[in-house]
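Asker: prediction below, plus the sequence it came from.
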Amino acid sequence: MSTKSVMIKCPKCQKEHVYDTKNEFRPFCSERCKLIDFNGWASDLYSVASEEGGLSEGQLDFGDD
Ligand SMILES: [Zn+2]
């Protein structure tokens, strides 16, 4: 019985790598690519939210006093 490797492309860097269910970063090739993609997505959301809300950092600070 031979082990068949399924090659997939990393959505971030387009590098071909073996699809491995043990790879916690799949479908990305590495932790780095996964983090880069996530950070890009998160900063997009953040900029949209701050543009629509027009909130400054001071207004986001809800203190108890
Ligand atoms: Zn990659």
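Answerer: Everything's here; your move.

Asker: for residue 17, phi and psi?
Answerer: For residue 17, the backbone dihedrals (degrees, to the nearest 10) come out as phi -150, psi 170.

Asker: no no, residue 9
Answerer: According to degrees, to the nearest 10, residue 9 has phi -100, psi 140.

Asker: repeat that for residue 43.
Answerer: Dihedral angles (degrees, to the nearest 10) for residue 43: phi -70, psi -30.

Asker: host element of the residue nearest the centre of the chain?
Answerer: Central residue of the chain (CA atoms, centre = their mean): residue 38, 1.7 Å from the mean position. Residue 38 is part of helix 31-53, with elements assigned from DSSP states H and E.

Asker: residues in contact with the residue lying closest to residue 13 once chain neighbours are set aside?
Answerer: Leaving aside its sequence neighbours, residue 13 sits nearest to residue 33 (CB to CB, 6 or more residues apart in numbering; 5.5 Å). All C-beta spots, glycine's among them, are computed from the backbone N, C-alpha and C. Each residue near residue 33 by CB atoms under 8 Å, 6 or more residues apart in numbering is listed here: 10-13, 25.

Asker: report pLDDT for residue 33.
Answerer: Looking at residue 33, its pLDDT reads 94.

Asker: many thanks, we can stop here.
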